[in-house]
Every structure is written in C-alpha cells, then in structure tokens.
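S.K.: Structure for the following, please:
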Amino acid sequence: MKIELPYKWAPRDYQMPLWAALEGGKRYAVCVWHRRAGKDLCAFNFLATQAFRRRGTYWHCFPTYGQGRRALWNGMDRGGRPFLDAIPEELVVRKRDDNMEMWLHGGSLIQVVGTDHIDRLMGANPIGVVMSEYALQNPEAWEFISPILAENGGWAIFPYTPRGRNHGHDIFKFAEKHPESWFCEKLTVDDTKSISPEALAMEKERLPKEIFDQEYYCSFNASLENAYYKEQIQWLEDEKRITDEVGWIPDQEVITGWDLGHYDSTAIWFAQVTRNGIHLIDYHEDAGKTIDAYVKVLREKPYVYGDAFLPHDADYGGVSIEKTTLQQLRNLGVKCLVNVKHSESDQIDAVRLMLRQCWIHETKCKRGLQALKEFQKQRIPGERGPGQEVLYRDKALHNWASHGASALATLMMGFRPHSDAEFRQPDASYVT
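M.R.: Residues are numbered from 1 along each chain as shown. Next up is the predicted model:
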C-alpha cells in the first residue's frame, strides 16, 4: 500500500512559502502568524513528513506539557479531524498516550513536550523541533536546543503570535538579519484572508484594541494585559532606570534573593542597597543543578556577599535527601536568612512597592527582567465578563517567568526601607 505524505492534507496558499523554504534548505523558520492561521497543523504536518526522511527524534514543543496535550495530542482542526491523523496508523509502530510519544516505521520517534521543565529535556538529541507559541515559552529551552541542532544539522520552526517585545520579538528580528539560513515571515488577517469579515468584526468589537492588533495583525506593541508588574516596568523604562549604566560598587556587599527549584529552575537576583535605592546588578537562572553548582556561580562572580535571602521552605527539604537546602548552603559558607511564609498577594504587593526604588542592569538582568514582564495572572478558561472581556484569577500563572519573579519577591520580603533611606531587617521573625 502506498501512502503519500503529507497525509490527506495540503498547505494553504499562504503557508506554501514556509513549506518551500524548508524544503529548499532553510534550517530555521520564524512564522509570526495571526490567531487561527493554522500554525500548529502546518508545522506538525511538516514534522511528520521529515520523520520518514531522516531517522531520529522529533519534538513538537509547547509552553507547558498540558498545553501540548490539549492543543496537539488531543487537538482537532476546524473540520474535527485529529491533528495526529497526520500520521496514519499503518505507519505507527507504537504509541504511548501517557508520555505523548509515537514510534514510527523507519525508527523515528515523535514527542509532544512542554518547555516548562527544561531538565526533563536534557540528554535527548532531537533533529527536528517545532517551538509552538514560542513567545510564551521558556526562552531557556531554545538556548538548550539550539546547540544540539547546530551540531546534528537539524531544523526548527517557531510558529507563534506576538506577546509584546519579548524573546519572540528578539528571534523575529534575528531571523530578519540572517536570511541565508532563516526563513522569516509575518502574516496578518489581511495577508491570509482566512477569517471572514463578519467574524473579524465581532472580534474587533469584543477585544481591546491592542489585543485585537496583537492577535490578528501580529503587533509586537501590546504588553501582557494580565501582567502583575506591567505599570512598574513601564515606569522604570520611562524613567530610564533600566540601563547598563547601573554600576556595581566593589567595596559594598551584594545581597541575593533566591527561588529554589527542586524539580525546575532555581533563580537568583543580585542586588546592592544604596542610599538612593536598590541596584539590581545581576541575575542567574538554571535548572537541574545541585546546590554546590549554584554556590560555584556565586564564587565565580567578583562580588563580596552579604545576606542570601531564601524562601520559607528552604529548611524543609532540598535537592539532596540528606540535608535541607539551607543546611547545604550554610555548609558551603553562604550566609543565609530564611523569610517567614507570606501570601502570594503580599509578596506581589511588596515587589510592586519596591520596584519604584530600583535600578536594573539591562544586560546582566535581561532574563530576570523578562520574567518580571511576563509574570502574570491565570486566565479563567472559557469565561468572559459582561463586556466579553477575558477574566483572570487573582492567582499567578506558574510558568517559566514565575521563578525570576519569586526570587525577586524573596529578596524584597527580606528587607524594608527605613525612614532615613537606609535598609534593615524588618524583625527577627523573618529569619532563622
């Protein structure tokens, strides 16, 4: 029996340039396409065809594991056809629903994965990757995957709709500058004509203008409407407090604020407290490392350290089953103070207040700053307000950005401004 791929599917006219570019030798493709333009279906069909041309591991990545299951593994196109039907059953050797894996005749493996847990991706060697909704993904995932593809001659597609001027915007601008190996395209509803004028008019009436422009005209100018620190970051930018001119004072102690990831990322902010406020001078984040690896990072920097502020659970357990994180850090010579437990809302309020007293080093804190920009409320699925506006829970979304935001909250909850513009420990109950 002869089976042709793509299987019972063909690219739409406006999707053909992407397909042709990849078939023609481009290794990377950034596709900033409007909502409902068929991004994932097109990318997955391309992935499926490549899996039978070259034996290897192929990933279709989403911002979270759960989103991958909903959007692709259990997802359907407009006509009700499952996305996974892009690979007919006759070509599948084995399928595991629990891990979202398919082994194919010819030896290739296709996996649907989430980039919210980077450590789970380590050790693999993918040769084809789709970074779906890249603007919402953990940017560290591409930093991990990119060298692998460079070494094995693999390829990657980045299909997404903008989410402000974040790492999605960065990779779009990078692709524009490297047309020899990167395909780069932005398609709005005016380009594709894939949504009826009637449906578009209803969306325009329902959505705020900046969100409508973002979703259907691929504008990078809209900020996350549900971001907790949106106003504070905008104020810092307007006041030119986010700059590489934020200096490190060599003869003054550097304090740190930590978010401890036992199974995901650990984030550390580095700060100096001066008479005119708080200088956030550095930031570090990594995953899957032991405590001594993070202490090594501290020692490799030229700073003289003061207190390391830790979250309330630092003495409850750690990456080692033998000693808590607090015990490990103290044994390695780190001067630690453990905050008492505070509500999420209290921590967010503290950061909002203290950001008004901050200056941030733009380059050294780039990832941490992006985390603050994308730290956001959880959306309530399927619910709308009286004016059809999107509704959100007063609870933070736990994604890649929450680690950097939590680390800064730990730092800010560890001290308070005093009346004479000095900073001090608020009271002994904050430490152990």
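
S.K.: Report the secondary structure state of the closest residue to residue 368 other than its chain neighbours.
M.R.: Nearest residue to residue 368, sequence neighbours excluded (Cβ to Cβ, 6 or more residues apart in numbering): residue 283, at 3.5 Å. From N, CA and C alone the C-beta is placed, and that goes for glycine too. Assigned with DSSP: H, G, I helix; E, B strand; the rest coil, residue 283 falls in the strand class.

S.K.: Identify the bridge partners of residue 283.
M.R.: residue 269 (DSSP bridges).

S.K.: Show the pLDDT at it.
M.R.: Note for residue 283: predicted pLDDT of 98.

S.K.: Next: residue 225.
M.R.: 72.

S.K.: Ok, residue 130 next?
M.R.: pLDDT, residue 130: 98.

S.K.: Could you list the buried residues of whatever helix or strand it lives in?
M.R.: Here residue 130 sits within strand 126-131, counting by DSSP states H and E. Applying a neighbour-count criterion of 16 or more other Cβ atoms under 10 Å, one finds 126-131 buried in strand 126-131.

S.K.: and which of those residues is nearest residue 107?
M.R.: residue 127 (12.0 Å; Cβ to Cβ).

S.K.: residue ranges with poor pLDDT in the protein?
M.R.: 1, 223, 262-263, 317-322, 381-390, 416-432 (pLDDT under 70).

S.K.: Spit out the contact partners of the residue nearest the centre of the chain.
M.R.: For the chain, the residue sitting closest to the mean C-alpha position, by Cα atoms, centre = their mean, is residue 138 at 2.4 Å. Applying Cβ atoms under 8 Å, 6 or more residues apart in numbering, we find residue 138 in contact with 63, 115-116, 118, 399-400.

S.K.: if you set the cut-off to 7 Å instead, what comes out?
M.R.: 115-116, 118, 400 (Cβ atoms under 7 Å, 6 or more residues apart in numbering).

S.K.: now these in JSON lines, with distance to residue 196 and neighbour count?
M.R.: Output for these, formatted as JSON lines (distance: Cβ to Cβ, whole Å; neighbours: other Cβ atoms under 10 Å):
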{"residue": "115", "distance to residue 196": "34", "neighbour count": "29"}
{"residue": "116", "distance to residue 196": "35", "neighbour count": "22"}
{"residue": "118", "distance to residue 196": "40", "neighbour count": "22"}
{"residue": "400", "distance to residue 196": "36", "neighbour count": "28"}
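
S.K.: How much space separates residue 379 from residue 395?
M.R.: 11 Å (Cβ to Cβ, to the nearest Å).

S.K.: of these two, who's got more company?
M.R.: residue 379 (13 against 10; other Cβ atoms under 10 Å).

S.K.: What are the boundaries of the strands in the stretch 151-300 of the chain?
M.R.: Under the criterion DSSP state E, counting those that start in this stretch, the stretch 151-300 of the chain contains strands at 155-160, 182-187, 254-259, 265-274, 277-287.

S.K.: between the ones you listed, which gets nearest to residue 203?
M.R.: strand 182-187 (16.5 Å).

S.K.: how does the chain divide into domains?
M.R.: 13-217, 230-430 (automatic domain parsing).

S.K.: can you redo these as TSV with distance to residue 3?
M.R.: As requested, those are arranged in TSV below (distance: least, Cβ to Cβ, whole Å):
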stretch	distance to residue 3
domain 13-217	6
domain 230-430	37
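
S.K.: Let me see the backbone angles for the nearest residue to residue 341 once chain neighbours are set aside.
M.R.: Distance criterion Cβ to Cβ, 6+ apart; nearest residue to residue 341, sequence neighbours excluded, is residue 312 at 4.0 Å. With angles defined as degrees, to the nearest 10, residue 312 sits at phi -60, psi -30.

S.K.: Could you double-check that residue 312 lies in contact with residue 343?
M.R.: No. Contact between residue 312 and residue 343 fails when scored by Cβ atoms under 7 Å: they sit 11.3 Å apart.

S.K.: Compare those two (neighbour count), which wins?
M.R.: The neighbour comparison of residue 312 against residue 343 (other Cβ under 10 Å) goes to residue 312, with 15 against 8.

S.K.: From residue 234, how far off is the more buried one?
M.R.: Counting by Cβ to Cβ - residue 312 and residue 234 are separated by 31 Å.

S.K.: ok, now residue 402?
M.R.: The value you get for residue 402 to residue 234, if Cβ to Cβ is used, is 20 Å.

S.K.: Looking at the two now, which is surrounded by more residues?
M.R.: Remark: of residue 402 and residue 234, residue 402 carries more neighbours, 21 against 13, as counted by other Cβ under 10 Å.

S.K.: which secondary structure element contains that one?
M.R.: Judged by DSSP H and E, residue 402 forms part of helix 401-413.

S.K.: residues in contact with that helix?
M.R.: Under Cβ under 7 Å, 6+ apart, the answer for helix 401-413 is 257-259, 261, 265, 267-269, 271, 285, 309-311, 339, 342, 347, 350-351, 354, 367-368, 371-372, 374-375, 396.

S.K.: give me that answer again for 6 Å
M.R.: 257-259, 265, 267, 269, 309, 311, 339, 342, 347, 350-351, 354, 368, 371-372, 374-375, 396 (Cβ atoms under 6 Å, 6 or more residues apart in numbering).

S.K.: Neighbours of residue 349, how many?
M.R.: Residue 349 - counted by other Cβ under 10 Å - has 15 other residues nearby.

S.K.: Any buried residues in the helix or strand where it lies, and which?
M.R.: Residue 349 is part of helix 344-355, with elements assigned from DSSP H and E. Residues of helix 344-355 classed as buried by neighbour count (16+ other Cβ under 10 Å): 347-348, 350-351, 354-355.

S.K.: just curious, which of the residues you listed is nearest to residue 303?
M.R.: residue 354 (20.5 Å).

S.K.: Would you agree residue 72 falls within a helix?
M.R.: Yes. Under three-state DSSP, residue 72 falls within a helix.

S.K.: ok, it to residue 168 distance?
M.R.: 19 Å.

S.K.: before we move on, the earlier item: okay, the buried residues of helix 344-355 in a markdown table with distance to residue 88 next?
M.R.: Listed next are these as a markdown table, based on distance: Cβ to Cβ, whole Å:
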| residue | distance to residue 88 |
| --- | --- |
| 347 | 51 |
| 348 | 49 |
| 350 | 55 |
| 351 | 52 |
| 354 | 57 |
| 355 | 54 |
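
S.K.: Looking at those, which one is closest to residue 184?
M.R.: residue 355 (34.3 Å).

S.K.: Could you tell me which residues make contact with that closest one?
M.R.: residue 232.

S.K.: I'd like to know how many residues surround residue 135.
M.R.: With other Cβ under 10 Å as criterion, residue 135 counts 25.
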